[in-house]
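Asker: With the input below, show me the fold.
(chains A and B)
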Protein chains: 2
Amino acid sequence: MSLTASSATIAPDRVTTLVSHLTVPKGFGDATLRNRRPDAIELLGGIPDPSALPTAELIEATRRVLSDPITGTDPLQYSRTAGLDLLRQWIAAREGVPVERILITNGGFHGISLSLQAVVDRGDLVAVDNPIFPLFLRGLELSQGRVLPIAVHNDGLDVEALASELSRGARPVAVYTVPDFHNPSQGTLPTAARIELVRLAEHYGFTVLADNPYRELRFRGEEQSFDVFNQSSHVIHINTFTKTLGPGLRLGWVVVPERLVDPFIKLRSRQDSHSSTFVQSVVGDLLTAQPEFFDDNLATANALYGRRADLLAESLERHAPGAFEISQPEGGFFLWPRIIDDTVDAEQLARDASEEGVEYQRGSFFTSGDGSDADRHLRLAYGNVSDDLLDEAAARLGRALARQRG
Amino acid sequence: MSLTASSATIAPDRVTTLVSHLTVPKGFGDATLRNRRPDAIELLGGIPDPSALPTAELIEATRRVLSDPITGTDPLQYSRTAGLDLLRQWIAAREGVPVERILITNGGFHGISLSLQAVVDRGDLVAVDNPIFPLFLRGLELSQGRVLPIAVHNDGLDVEALASELSRGARPVAVYTVPDFHNPSQGTLPTAARIELVRLAEHYGFTVLADNPYRELRFRGEEQSFDVFNQSSHVIHINTFTKTLGPGLRLGWVVVPERLVDPFIKLRSRQDSHSSTFVQSVVGDLLTAQPEFFDDNLATANALYGRRADLLAESLERHAPGAFEISQPEGGFFLWPRIIDDTVDAEQLARDASEEGVEYQRGSFFTSGDGSDADRHLRLAYGNVSDDLLDEAAARLGRALARQRG
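Answerer: Residues are numbered from 1 along each chain as shown, chains lettered A, B, ... in the order given. Now for the predicted structure:
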């Protein structure tokens, strides 16, 4: 029979509803990576310092796992969806949970993505940090989730504000927060607030997505409990080796409640089956061949990050005295100074800073709704910027500010 | 205010509609990996031989990329969603397409999964191979897609049967097939049939998912055109380094039409952001530092696979004369013998074979609908089984068959 195009064809640019709802990535992520200016000092990303990344040790671990005459090709073969036992056991011991609850991911954002697909249905309400790690909102488009912004203050998520919303009838299916060294606002949620957050989750039946990539990067102050998260049936605790061993490995994990182990495996087995056996084997060997390696490496890195945080805060005060309110950071990669002078135009400051040769993320980029003063803040990332450049960056920022303050 | 559990809670085991529709993986995949019996000869999976995997070369490539004083930490940092340019360029040159159309994945199944999420909406009709690579059907659960089985014969998909279905009014949004060295049925789709398949796709507006993991494994006969696929706006051409460099790398690619580049990147940037920069860097170096490496390695591997294919076919004929109809394979990892004697119970044969100490996949496992004679076949995978064991496996299979034939 003859075919007539008019009656037969489907629109050739047809894509799924899922994909058609996704926006083009912009702002950070691809654009940041694309437009790096070698002449500017960039305080842009939550990126570990190159000196903290264990290149020599990874070369050795790779040699060890691939040269074993018996098991040397195992890293190049298929493995289980949940992840390699050696690696899961090391993580489980640190998290204080049974190994069955540890699932290996391709990094922290992958953990967020799997969590969203597992617990947030199309159009569901999700309570989130305000200000927020904005890539979470990008991920949430997978579920076309609705957002309920909850204020974040100096000590993390305002759990009382969340409780008020719940008591007024809001029924989120999930609550997203970064509990340690918040991105962007640098604070840490105290143990008491974590306990209350988990109590609310168990009472109202929502799932806490506790996104914790910076947890290991504490350089002062007292650790707040993560066990509160790991012991609840209503928390997915998301972590990664991104900030400690390198983002490029794409290796992380989630601690999931027992009830979510099977759903996660079912979902993951329909994506990429499992994380690279090669990467898992190399990192598993790195972590176990020299048991002290990870903590030693971390101690060195944290000393560096702590020094840089302080140096940047001091330099800002020196080059722009009285201009910023700055909390002393206890860990992580971000300083979140607030512009004290209300007459300063924060957007103009960012443009002027760019002209002076310093790039940072404007606070306004991180809002998830109204009512935040994020637009009066700057997010300054110091992790991968040398001491000298941090001081110079502060000087340039001071000059940018002087353009408005005279 | 006081909280009353009855009115407030959401069911604590709540998961998304997406996840609730996914079945527990079984059969091959996790179960196969879980139950390996050291005393049995396993002809189970499409797995490359350990001797064909470049362990020494990967150690050297890792050393090279991580020890460079300038770029040595780049493999441990974030990179672009589309993939590393070095690797994409190498692939683009082989595929004969602009580099923009190459997107790096975490292996072939990941390519399938992304394709399904990009072009198959919930409940859409998808025409598929019958018999089929069954994990495709597992992936299709992501879209709750409906299946239109199309016969596969000795030379791959029956494109005429597909054309009949289309002319009778079937309107699939996609057609899934393995064009080279079909899994499980070992045949290859001739160029003429590919041209017709692409013509139908462009006419009716569906997308061909050409899943081609075995393409490089040709050990005799003439290559059929893959350019037909790469030059169409209606084909996603899915490939992987799984069968050539090792499944454990989890590294593959898709050649997508221009119109699907952005949808794929938008989707992928909401999953794990990008494939491991580390794995991409190491493999990119491996492929480009010694330009002859990949083809040399492949030639050696294909000589091995060809010899094993022939050896297994000959051994079957020797140990079970006249019992099987066998086509001489031209490539890939599978022999698909048909049991000639209709009185032989194929399921019983598999059980008897297991008792005799040889494991293979029953043909019935691969049907996607009625009308196939797959249940009269055995899928015997010879890629990673030594010559001696292949002969012994055939002897055991002969003994299993003798139990029924006397």
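Asker: Which residue is the nearest non-sequential neighbour of A:I41?
Answerer: A:A393 (4.3 Å; Cβ to Cβ, 6 or more residues apart in numbering or on different chains). All C-beta atoms are positioned from the backbone trio N, CA, C, and that covers glycine.
Asker: just checking, the one you found touches A:V358?
Answerer: Yes: using Cβ atoms under 8 Å, A:A393 is in contact with A:V358, at 4.7 Å.
Asker: Common neighbours of the two, please.
Answerer: Counting by Cβ atoms under 8 Å, 6 or more residues apart in numbering or on different chains, the shared contacts of A:A393 and A:V358 are A:I41, A:L43.
Asker: before we move on, back to that, contact partners for the residue nearest to A:I41?
Answerer: Taking Cβ under 8 Å, 6+ apart as the criterion, A:A393 is in contact with A:I41, A:L43, A:L312, A:S315, A:V358, A:L380, A:V385.
Asker: just checking, the fourth one is part of a helix?
Answerer: Going back to what we said before, that points to A:S315. Yes: assessed by DSSP: H, G, I helix; E, B strand; the rest coil, A:S315 belongs to a helix.
Asker: Look up the pLDDT of it for me, please.
Answerer: With respect to pLDDT, A:S315 scores 98.
Asker: The lengthiest strand in chain A and chain B, are they touching?
Answerer: The longest strand of chain A (DSSP state E) is strand A:146-153. No: applying Cβ under 8 Å from any Cβ of the partner chain, one finds strand A:146-153 out of contact with chain B, separated by at least 14.6 Å.
Asker: Which residues does whichever helix or strand comes after that strand contact?
Answerer: Downstream of strand A:146-153, the first helix or strand assigned by DSSP states H and E is strand A:156-157. By Cβ under 8 Å, 6+ apart, the list of residues contacting strand A:156-157 from outside reads A:129, A:150-151, A:175, A:177-179, A:182, A:187-190, A:193, A:197.
Asker: How far off centre is strand A:156-157?
Answerer: Here strand A:156-157 is found 15 Å from its chain centre; the criterion is Cα atoms, centre = their mean, to the nearest Å.
Asker: Partner strands of it, with direction?
Answerer: strand A:146-153 (antiparallel) (DSSP bridges).
Asker: Which positions within the strand it pairs with qualify as buried?
Answerer: Buried residues in strand A:146-153, counting neighbours by 16 or more other Cβ atoms under 10 Å in any protein chain shown, are found at A:V147, A:L148, A:P149, A:I150, A:A151, A:V152.
Asker: And stretch A:332-352, by the same measure?
Answerer: Within stretch A:332-352, the residues that count as buried by 16+ other Cβ under 10 Å are A:G332, A:F333, A:F334, A:L335, A:W336, A:P337, A:R338, A:I339, A:A346, A:L349, A:A350, A:D352.
Asker: of all the residues in the stretch 251-400 of chain A, which ones are close to chain B?
Answerer: A:251, A:259-260, A:262-263, A:265-267, A:269-279, A:281.
Asker: at 7 Å what do you get?
Answerer: Residues of the stretch 251-400 of chain A found near chain B (Cβ under 7 Å from any Cβ of the partner chain) are A:259, A:262-263, A:266-267, A:269-273, A:275-279.
Asker: What's the PyMOL syntax to select whichever of the residues you listed are buried?
Answerer: Buried residues within those, by 16+ other Cβ under 10 Å, are selected in PyMOL with:
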select buried, chain A and resi 263+266+267+269+270+271+272+273+275+276+277+278+279
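Asker: Could you list the low-confidence segments of chain A?
Answerer: Residues of chain A meeting the criterion pLDDT under 70: A:1-13, A:25-38, A:406.
Asker: hey, where'd the strands end up in it?
Answerer: A:41-43, A:102-105, A:125-130, A:146-153, A:156-157, A:174-177, A:207-211, A:235-240, A:252-255, A:324-325, A:334-335, A:338-339, A:358-362, A:378-381.
Asker: List the contacts of A:W336.
Answerer: Counting by Cβ atoms under 7 Å, 6 or more residues apart in numbering or on different chains, A:W336 makes contact with A:P184, A:S185, A:Q186, A:H377, A:R379.
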